[in-house]
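Participant: With the input below, show me the fold.
(2 chains)
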Amino acid sequence: MAKLKMMLVDDEERFLQTTSKLLMKKGYDTVTALSGKEALEKLKSHNINVVILDVKMPGMDGNATLLEIKKLYPMVEVIMLTGHATVESAVHGLQSGATDYLMKPADIEDIIEKTENAFAKIQKLEEKIHSAQMKKFMKSPREILKNSEN
Amino acid sequence: MLKKEHYIKIKKIIFISMILVPAIPFISALSIGYYYFTTSLEDSTISSLERIVGDHGHMIDAFLNERKSNIEFILHSYELDTLTDNRMLQNIFKKLKQEFPAFIDLGIFNKDGIHIAYHGPYELIGKDYGDKEWFKEVMEKEQYISDIFLGYRKTPHFIIALKKNDKKNPWVIRATIDTFMFNKLVKEVRIGKTGEAYIINKDGILQTEPRSGGILMEKPEDNSKYLKPHTGINILNQDKKYVYATTWLKNNNWMLIARQEKSDAFKAVNKASKLIIYISITWGICIIFAVFLITERIIRLLKNMDMEKEQLNQQLIGASRLAELGEMAAGFAHEINNPLQIIQSEQSLMELNLSELIETEQLKCSEFIDELKDSIKQIKLQIFRCSKITQQILKFGRQSEPEKKEIDLKVFIPEIIEMISKKAFVHGIEIKQNIALNITPVYGDTSQLQQVLLNLFNNAIDAILERHGTSGGKLIVKSELKNNKDIEINISDNGIGINPENLEKIFSPFFTTKSVGKGTGLGLSVCYGIINNMGGKMEVNSQVNIGTTFSISFPVYT
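Facilitator: Predicted coordinates for the structure are as follows:
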């Protein structure tokens, strides 16, 4: 089973530094990105499960990034991080596939809790997929061979 | 609200300037007109007096000279012998009378003054005139024209006497002339109603009768003011009653005077002045009345305008300014949240590091460490407080469109009251509700109206607690249809009340009387904005230590 790996996306560098340090100390593998573009870049090379995404960013904003992530990596869960004024866009985010949202200033414990929840959701989903596949394999073991050929 | 004195001041300024501005040119025009009119009238009066005095003066001088020439002619044409012949004298006198009918008699005197020949109505022959003034003078100066006198005859007359300078035997011829004609000539002068002419001698004695009265040979009382030596025609205008024109006649022995009463001369002026005064007064009253009305009207308009401005200002606070403020506050709060987020993270990191240091015994527990822990905890608390404030501000600035629908207050209000009834019960507050059955629904966002009512109820409960503690509180909720056009909701409490100073600012954003951290001062301004958006009005009435009533009214929704 995959290990929880999260990515923080925000345009505030100091926030990224400190929060990732904190998360590391708490034992979470954390990647940071300063923009939506960088986030998409890093998703390619890292096996990331949960993204914590600031809604309001210069350039590619949170919602645009969210759509892109969901398109490219449907299994990655996204938590929107919002200042209250953008709660509408957070709701919008939820409608376009984000799993949850956090209100600034978010407590580290909240971040961890929501991340864990999101990760649990992924795990559940993966488990379902896994068991579904298992059933399928049970029916025709050939599929395994086919699959491994791919 | 502008003060009453302010309006009174404006009123005064308008009133005075509206009267003065037209009055100044009006009065100037009248004055100038009056001045020129008076002057020209005076000039024409004076010139007519001058003309009369001049003409008549010449006439009188000519008359005297003619009479003198008549006598001179006799003097030079006849010898004494002829003249002393009574029959001859009678003939000569006849001719003289043909020439001029006012001759009364004609007489001849010898050098001692004895009347040696006479023709006339009296018996004068033989009378001695040797010691008479006139005789002495004629003997000396060869001619004499007397003043007018009554003499023996008791009729006004004057004499002309001439001396024949015969070296051996000088004699004197004398004629008496009735002044009736002469008097008539002067008396007939007529200027206006009171204009007249008369003659006085150099002692001021009347030589002709003035038309206005005055007896011949007597002195008019006031002659001293014009009886002065001068040449030509003199005008005297200083007197109060008359204008005089004078000229000396008969070698400065007589003075011809023409005069006119000023009131008569300037009758037209007086008439005009009266008319002017009458017009001025009428006009003035009309103007003052009109100005008064106009001023009243201006002030009323001004007051209305000020009042409208005031109302508009208040509405602006309620509507657009509130929206702008909300937007600004929201942006501001959002910007604050970002650094708050960083501080939050930093604080967590500090806390974590500190506890690690303690756990790994790199730092020993001490008072300082405890203080540090306390400070870090305090930072967390304050961040939390900040975030609560920014959240409230953001809520205030929220711009989501309300979902409007009909709300039936008959159901809605009791529901809200139900929500707070427990809290009220706990604090010993009695709630009375009086919802009229005929109220029609209002149109608005349910959750917004709920927010307003809850806010007002909670405020009321706070105010009651502050005054009564947990017993004796009363909260009355009343709703009724007013004048068939407004739906009113009144929420009254018997709480602590609001002082007038705070009452003015009660709907202003960020205004609060609650202690630090307990309120943001946004509640009522949000309520105000919501009610305004619903097309309603919100008002407050309060008396300290009696209670407060918030009134919301909506126009009947159709």
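Participant: the helices in chain A, which residues?
Facilitator: Using DSSP state H, the helices of chain A run over A:13-25, A:36-45, A:62-72, A:87-95, A:108-139, A:142-149.
Participant: need those helices in JSON lines with mean neighbour count, can you?
Facilitator: Where you see a C-beta, it was placed from the backbone N, CA and C, and this is true even at glycine. What follows is the helices of chain A, written out as JSON lines (neighbours: other C-beta atoms under 10 Å in any protein chain shown):
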{"stretch": "helix A:13-25", "mean neighbour count": "18"}
{"stretch": "helix A:36-45", "mean neighbour count": "16"}
{"stretch": "helix A:62-72", "mean neighbour count": "19"}
{"stretch": "helix A:87-95", "mean neighbour count": "17"}
{"stretch": "helix A:108-139", "mean neighbour count": "14"}
{"stretch": "helix A:142-149", "mean neighbour count": "10"}
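Participant: As TSV, the ones you listed with distance to chain B and mean pLDDT would be great.
Facilitator: Compiled in TSV, the helices of chain A are given as follows (distance: least, C-beta to the nearest C-beta, whole Å; pLDDT from 0 to 100):
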stretch	distance to chain B	mean pLDDT
helix A:13-25	4	92
helix A:36-45	17	93
helix A:62-72	13	91
helix A:87-95	7	72
helix A:108-139	4	88
helix A:142-149	44	64
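Participant: contacting residues for the most centrally placed residue in chain A?
Facilitator: By C-alpha atoms, centre = their mean, chain A has its centre lying nearest to A:Val50, at 2.4 Å. Residues in contact with A:Val50 (C-beta atoms under 8 Å, 6 or more residues apart in numbering or on different chains) are A:Leu4, A:Lys5, A:Met6, A:Met7, A:Val76, A:Glu77, A:Val78, A:Ile79, A:Thr115, A:Ala118, A:Phe119, A:Ile122.
Participant: Put together TSV for those residues, with distance to B:Pro22 on each row.
Facilitator: Below are those laid out as TSV (distance: C-beta to C-beta, whole Å):
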residue	distance to B:Pro22
A:Leu4	94
A:Lys5	94
A:Met6	88
A:Met7	86
A:Val76	88
A:Glu77	87
A:Val78	82
A:Ile79	82
A:Thr115	87
A:Ala118	87
A:Phe119	92
A:Ile122	93
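Participant: how about low-confidence regions in the stretch 1-150 of chain B?
Facilitator: For the stretch 1-150 of chain B, residues meeting the criterion pLDDT under 70 lie at B:1-3.
Participant: can you check the stretch 301-450 of chain B too?
Facilitator: B:314-324, B:326, B:395-402.
Participant: That one: helices as residue ranges?
Facilitator: Along the stretch 301-450 of chain B, counting by DSSP state H, counting those that start in this stretch, helices occupy B:320-359, B:367-396, B:409-426, B:446-468.
Participant: closest to B:Leu106 out of the ones you listed?
Facilitator: helix B:320-359 (121.8 Å; C-beta to C-beta).
Participant: B:Glu209 - how many residues pack around it?
Facilitator: 21 (other C-beta atoms under 10 Å in any protein chain shown).
Participant: residues in contact with the closest residue to it other than its chain neighbours?
Facilitator: Once flanking residues are discounted, B:Glu209 sits nearest to B:Leu216: 5.4 Å by C-beta to C-beta, 6 or more residues apart in numbering or on different chains. Neighbour list for B:Leu216: B:Ile148, B:Leu150, B:Pro156, B:Asn183, B:Leu206, B:Gln207, B:Thr208, B:Glu209 [criterion: C-beta under 8 Å, 6+ apart].
Participant: From these, list the buried ones, please.
Facilitator: In the contacts of B:Leu216, burial by neighbour count holds for B:Ile148, B:Pro156, B:Asn183, B:Leu206, B:Gln207, B:Thr208, B:Glu209, counting by 16 or more other C-beta atoms under 10 Å in any protein chain shown.
Participant: Assess the claim that the second one and B:Thr179 are in contact.
Facilitator: Yes - with the criterion set as C-beta atoms under 8 Å, B:Pro156 and B:Thr179 qualify as a contacting pair; they are 4.5 Å apart.
Participant: rewinding a little: filter the contacts of B:Leu216 down to the ones in helices?
Facilitator: Short answer: the contacts of B:Leu216 in helices (DSSP H) are B:Asn183.
Participant: okay, the helices of chain A in CSV with distance to B:Ala268 next?
Facilitator: Converted to CSV, these look like this (distance: least, C-beta to C-beta, whole Å):
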stretch, distance to B:Ala268
helix A:13-25, 104
helix A:36-45, 104
helix A:62-72, 100
helix A:87-95, 93
helix A:108-139, 108
helix A:142-149, 135
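Participant: Could you point out which of the ones you listed sits nearest B:Asn459?
Facilitator: By C-beta to C-beta (comparing all of the helices of chain A), the closest turns out to be helix A:87-95, at 26.4 Å.
Participant: can you tell which of the helices of chain A is closest to B:Arg67?
Facilitator: helix A:87-95 (132.5 Å).
Participant: Can you list the low-confidence ranges for the stretch 151-300 of chain B?
Facilitator: B:152-153, B:221.
Participant: What segments of it are strands?
Facilitator: Secondary structure of the stretch 151-300 of chain B, counting by DSSP state E, counting those that start in this stretch: strands at B:157-164, B:171-178, B:196-201, B:233-236, B:242-249, B:254-261.
Participant: Same list (those) but as TSV, adding distance to chain A.
Facilitator: Compiled in TSV, these are given as follows (distance: least, C-beta to the nearest C-beta, whole Å):
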stretch	distance to chain A
strand B:157-164	128
strand B:171-178	130
strand B:196-201	109
strand B:233-236	101
strand B:242-249	99
strand B:254-261	100
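Participant: The ones you listed into CSV, with extra columns for mean neighbour count and distance to B:Ile389?
Facilitator: Listed next are these as CSV, based on neighbours: other C-beta atoms under 10 Å in any protein chain shown; distance: least, C-beta to C-beta, whole Å:
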stretch, mean neighbour count, distance to B:Ile389
strand B:157-164, 22, 127
strand B:171-178, 23, 129
strand B:196-201, 24, 108
strand B:233-236, 17, 100
strand B:242-249, 23, 98
strand B:254-261, 25, 99
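Participant: For B:Ile114, give its distance to chain A.
Facilitator: B:Ile114 is 149 Å from chain A, where distance means C-beta to the nearest C-beta, to the nearest Å.
Participant: who's in contact with residue 108?
Facilitator: This is for chain A. With C-beta under 8 Å, 6+ apart, A:Ile108 has these contacts: A:Thr19, A:Leu22, A:Leu23, A:Lys26, B:Gln344, B:Ser345, B:Ser348.
Participant: my bad, chain B
Facilitator: Applying C-beta under 8 Å, 6+ apart, the residues near B:Ile108 are B:Leu80, B:Leu83, B:Thr84, B:Leu89, B:His115, B:Ile116, B:Ala117, B:Tyr118, B:Trp171, B:Val172, B:Ile173, B:Arg174.
Participant: likewise A:Lys70?
Facilitator: A:Val76, A:Val78, A:Ser96, A:Gly97.
Participant: Any idea how many residues pack against the first one?
Facilitator: It stands for A:Val76. With other C-beta under 10 Å as criterion, A:Val76 counts 19.
Participant: ok, now the second one?
Facilitator: One way to gauge burial is a neighbour count; for A:Val78, by other C-beta under 10 Å, it gives 28.
Participant: In contact with it, which residues are there?
Facilitator: A:Val50, A:Val51, A:Ile52, A:Leu53, A:Leu66, A:Ile69, A:Lys70, A:Gly93, A:Gly97, A:Ala98, A:Thr99.
Participant: Same question for the third one.
Facilitator: Under the criterion of C-beta under 8 Å, 6+ apart, the contact list for A:Ser96 reads A:Asn63, A:Leu66, A:Leu67, A:Lys70.
Participant: State the distance from the first one to A:Ser96.
Facilitator: Here the criterion is C-beta to C-beta, to the nearest Å. By it, A:Asn63 lies 7 Å from A:Ser96.
Participant: what is in contact with these two at once?
Facilitator: Common neighbours of A:Asn63 and A:Ser96 (C-beta under 8 Å, 6+ apart) do not exist.
Participant: Now the terminal residues of stretch B:144-159, how far apart.
Facilitator: 8 Å (C-alpha to C-alpha, to the nearest Å).
Participant: contacts for it?
Facilitator: Contacts of stretch B:144-159 (C-beta under 8 Å, 6+ apart): B:64, B:68, B:104, B:122, B:134, B:137-138, B:160-162, B:174-180, B:183, B:201, B:205, B:207-208, B:216-217, B:250, B:253-254.
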